[in-house]
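Novice: from the sequence below, what's the structure:
(chains A and B)
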Amino acid sequence: MAFNLFKNKKKDKPVEKKEAQNDIFSKLKSGLSKTREILTTDINDLFLPNKAIDEDLFDELEELLITSDFGIDIAMDMMERIKTKAKSLSNANELKQVLKDELISLFPDLDENAKDNTLPKPYVIMVVGVNGTGKTTTLGKIAMKYSSRGKKVLIAASDTFRAAAIEQVEIWAQRSNASIVKHREGADPAAVAYDAVEAAMARGVDVVLIDTAGRLHTQKNLMEELKKIKRSINKKLHTAPHEVLMVLDATTGQNALSQAALFDEAVNISQIALTKLDGTAKGGIVASIANKMQIPLTYIGVGEGIADLQEFDAKRFINALFD
Amino acid sequence: MFENLSDRLDSVFKKLKGHGTLNEKNIEDGLKQVRMALLEADVNYRVAKNVISDIKERALGQEVMQSLTPGQQVIKIVNDEFARMMGSSHQGLNLEGKTPGSVMLVGLQGSGKTTTAGKLALHLRKEGKKPFLVPVDVYRPAAIDQLKKIGNQLDVPVFQSTTEMKPLKICQDARMQAREQGYDTLLLDTAGRLHLDEELMAELEGIKKGINPSEILLVADAMTGQDAVNIAGSFDKKLDLSGVVLTKMDGDARGGAALSIKAVTGKPLKFIGVGEKSTALEAFHPDRMASRILGMGDTLSFIEKAQEAVDQKDAKALEKKLRKNAFTLEDFRNQMKSVRKMGSIKDLIGMLPGVNKKQLKVLNISDKEFNRIEAIINSMTLEERAKYGIIKGSRKKRIAKGSGTTVQEVNKLLKSYSQSMKMIKKFNKGGMRSLKSMLPF
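Specialist: The predicted model follows:
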């Protein structure tokens, strides 16, 4: 998302400190404030109250959308609609509201009722994505989140491929006080997942997190393997997995569309986590994905700390950033 | 890689070639399309703008207008500009001078530094160097273990870092140990970090100052979007990079990051990572890549791969056998094996000029087919491989069972083998003329 774009460029204002970390918005802003100095364009600069609505402004806006990785399709589409609406507007400030509405409308409306707290037990979340997006780290943070709420968490070390992946997830299990089901390196990942769900059912675990190996979405055989993992989970527990979470790196460009499409085709993604938003990348492509495929963005990662994995709510988020 | 980009450019060029004469309007329309294609491929907005205006200036100049084939001329200009953007010929690692030399790998989290370290170690050993892997990532859980395991797999020594050590100290101690034990190239695998992280960037500067590495390579993900220029720019500003390694090029990323990084930092793209295997690292040839993007094939890389995979002596022996009509199923299997060493069949075909990338996508040639053929031949006795004529009903059944295939598949293989044998015989008898008679036109 164009999160990083919307902050005010107030250089005189001190960077938010950690004491405010209980408040979600200040946390977001502090994550984003790191980027403040790097940004060359800022949305609020575009919308200075007495700035005229002209071709130059449209050009700047187009550049902003494209450099935020929204992608050509959405950028062009949005420019078209904004230009039409702009005819009846008198100043840039009003245009700002139009843009804000357009941005919010990109995200699918989440059914608030779906967010109830009675999760099925065990609640199985399968984590997928290409190499190096931060699957294991995201999974570790989710584990911490649930166990801090008093839930019993179990992690399946189904990345049996990458060197030391099992050790990495083991460290997260220790940190989050979760139990772990693992086989040796090179073992069948589907068998690990199956055993994990079985163990979770026997031990009365609340949340099962399945870590899978990173794979490029174009590798047919590896995508087949992913399907097999899902099937084996489903074999043990017919309602599972309850969520398939795709972890996406915010620095990714247009390729993210292809990633989402192919992962969705293979295992039906139900949620997206966008990581590494604390850098200079804007991750705009996730808006395209959310819009085209109607998959909600559930988590955003804005830093290395445990609390830096946050639940995403488009409306509140964009509002907060525009203020 | 680059497939989608070249598909897009293909259609633009076809249109351009269709015009007998070019005027400012149709050149501009064409270039607009090129710009879109570049942006869709994640070429940075500013970089795309600049290259388009350069191309336009030249295309509207005399060299095109006076040409008899203006469309071709524009394509040539685009090719030139792309090649210029990416730099000229391949630049390898520069490890002259100090012993031990060191190669420092830096980049964001998850860009593939540790995997690349392993691949580079293998590459250096092939070149007769004695690499020493040094895990400097003391932050990410199990990062040190990962490199140690990779070192074990490749049989390359790894410095025994621990998470309690300071990164600079690790590098210094590793260098001392390398001197003592005669390793000539250190591969410093640093922790992934954001280019905005002052503290961690300072740590890298400290290592640079303390070790003075011969190469500082930025490892970046080929799928990176518009942010590639910010990332590369910041790392370069702090560390004065010597080059770039682009990873995960085996996906369907359109490679715009490659174009942008070079344009912004001016630093050469030295290697590309093309797979999960430790051998999946390729030297990057900018000039060849430009023609690959434009769909003109990369014959040079194809030939090089063939030379690497095929032993010259074997090739001579094979030629003799072919001439004497003594090409057995065993030879056939060996031949297939060495071709497959060159990479996936699809990649190989993709390198040839004139191959339509779209058709290739639909074709979906599976390397599995070859596994089955190999299995069938492996299930034959040596006698059967030499004299395929003796393979009758019960032998076929046995072979099918042994290879986990069906009798039909065994038949299919034998049929195509006997047909090619007939061709070879005819060829040996009458040379090129007889070959011509076999062609359907």
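Novice: which phi and psi values does A:Ser158 adopt?
Specialist: Main-chain torsions, A:Ser158, degrees, to the nearest 10: phi -90, psi 0.
Novice: ok, and for stretch B:230-241, which residues are buried?
Specialist: Within stretch B:230-241, the residues scored as buried using 16 or more other CB atoms under 10 Å in any protein chain shown are B:Asn230, B:Ile231, B:Ala232, B:Gly233, B:Ser234, B:Phe235, B:Asp236, B:Lys238, B:Leu239, B:Leu241. Yep, even glycine has a C-beta here, placed from its N, CA and C like the rest.
Novice: remind me, longest helix of chain A?
Specialist: The longest helix of chain A (DSSP state H) is helix A:220-236.
Novice: rewinding a little: give me the subset of the buried residues of stretch B:230-241 that also touch chain A.
Specialist: Checking these against chain A by CB under 8 Å from any CB of the partner chain, the ones in range are B:Asn230, B:Ile231, B:Ser234.
Novice: switch those over to TSV; also include pLDDT.
Specialist: As requested, these are exported to TSV (pLDDT from 0 to 100):
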residue	pLDDT
B:Asn230	89
B:Ile231	91
B:Ser234	92
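Novice: so which of these belong to helices?
Specialist: Checking these against DSSP H, those in helices are B:Asn230, B:Ile231, B:Ser234.
Novice: ok, the last one touching B:Leu196?
Specialist: Yes - using CB atoms under 8 Å, B:Ser234 makes contact with B:Leu196 at a distance of 7.4 Å.
Novice: confidence score at residue 112?
Specialist: Chain wasn't specified; assuming chain A. Note for A:Glu112: predicted pLDDT of 54.
Novice: the chain in question should be chain B.
Specialist: Reported pLDDT for B:Gly112: 92.
Novice: is it true that it touches B:Val219?
Specialist: Yes - counting by CB under 8 Å, B:Gly112 touches B:Val219, with 5.7 Å between them.
Novice: just how off-centre is the lengthiest helix in chain B within its chain?
Specialist: Secondary structure of chain B per DSSP H: the longest helix is helix B:407-430. Remark: helix B:407-430 is offset 34 Å from the chain centroid, using CA atoms, centre = their mean, to the nearest Å.
Novice: helices and strands around that helix, which ones?
Specialist: For helix B:407-430, the contact count by 3 or more CB pairs under 8 Å, 6 or more residues apart in numbering or on different chains; DSSP states H and E identifies helix B:312-323, helix B:367-378, helix B:393-403, helix B:432-438 as packing neighbours.
Novice: residues making contact with the third one?
Specialist: Looking back up the chat, that one is helix B:393-403. Helix B:393-403 has contacts (CB atoms under 8 Å, 6 or more residues apart in numbering or on different chains) with B:372, B:375-376, B:378-380, B:384, B:391, B:406-407, B:409-411.
Novice: can you give me the buried ones in the helix or strand where B:Leu120 lies?
Specialist: Element membership for B:Leu120, per DSSP states H and E: helix B:113-126. Across helix B:113-126, burial judged by 16+ other CB under 10 Å covers B:Lys113, B:Thr114, B:Thr115, B:Thr116, B:Ala117, B:Gly118, B:Lys119, B:Leu120, B:Ala121, B:Leu122, B:His123, B:Leu124.
Novice: contacts only, for the residue of the stretch 101-250 of chain A found nearest chain B.
Specialist: Of all residues in the stretch 101-250 of chain A, A:Gly132 sits closest to chain B, at 2.8 Å by CB to the nearest CB. A:Gly132 is in contact with A:Gly214, A:Asp249, B:Gln109, B:Gly110, B:Ser111, B:Gly112, B:Asp221, B:Lys248, counting by CB under 8 Å, 6+ apart.
Novice: tell me the spacing between whichever residue of chain B sits closest to chain A and A:Ile66.
Specialist: Nearest residue of chain B to chain A, counting by CB to the nearest CB: B:Gly225, 2.4 Å away. Going from B:Gly225 to A:Ile66 by CB to CB, to the nearest Å gives 10 Å.
Novice: please apply the same query to A:Val205.
Specialist: Note on A:Val205: its distance to A:Ile66, by CB to CB, is 45 Å.
Novice: please apply the same query to B:Glu81.
Specialist: Taking CB to CB, one finds B:Glu81 at 20 Å from A:Ile66.
Novice: check A:Phe312 too.
Specialist: Counting by CB to CB - A:Phe312 and A:Ile66 are separated by 23 Å.
Novice: surely A:Ala196 meets A:Ile210?
Specialist: Yes - the criterion here is CB under 8 Å, and A:Ala196 meets it with A:Ile210 at 6.7 Å.
Novice: what touches both of these two?
Specialist: A:Ala156, A:Ser158.
Novice: just the strands in the stretch 151-300 of chain A please.
Specialist: Assigned by DSSP state E, counting those that start in this stretch, the stretch 151-300 of chain A shows strands spanning A:153-158, A:179-181, A:207-212, A:243-249, A:271-275, A:297-301.
Novice: and the second one, what does it pack against?
Specialist: In this case it means strand A:179-181. By 3+ CB pairs under 8 Å, 6+ apart, strand A:179-181 packs against strand A:153-158, helix A:165-176, helix A:189-203.
Novice: would you mark the buried spots in that strand?
Specialist: Buried, per 16+ other CB under 10 Å, within strand A:179-181: A:Ile180, A:Val181.
Novice: as a whole number, average confidence for that strand?
Specialist: The model assigns strand A:179-181 a mean pLDDT of 93.
Novice: do the last one as well
Specialist: Averaging pLDDT along strand A:297-301 gives 88.
Novice: direction included, what does it pair up with?
Specialist: strand A:271-275 (parallel), strand A:309-311 (antiparallel) (DSSP bridges).
Novice: the second one too?
Specialist: Under the criterion DSSP bridges, strand A:179-181 sits next to strand A:153-158 (parallel) in its sheet.
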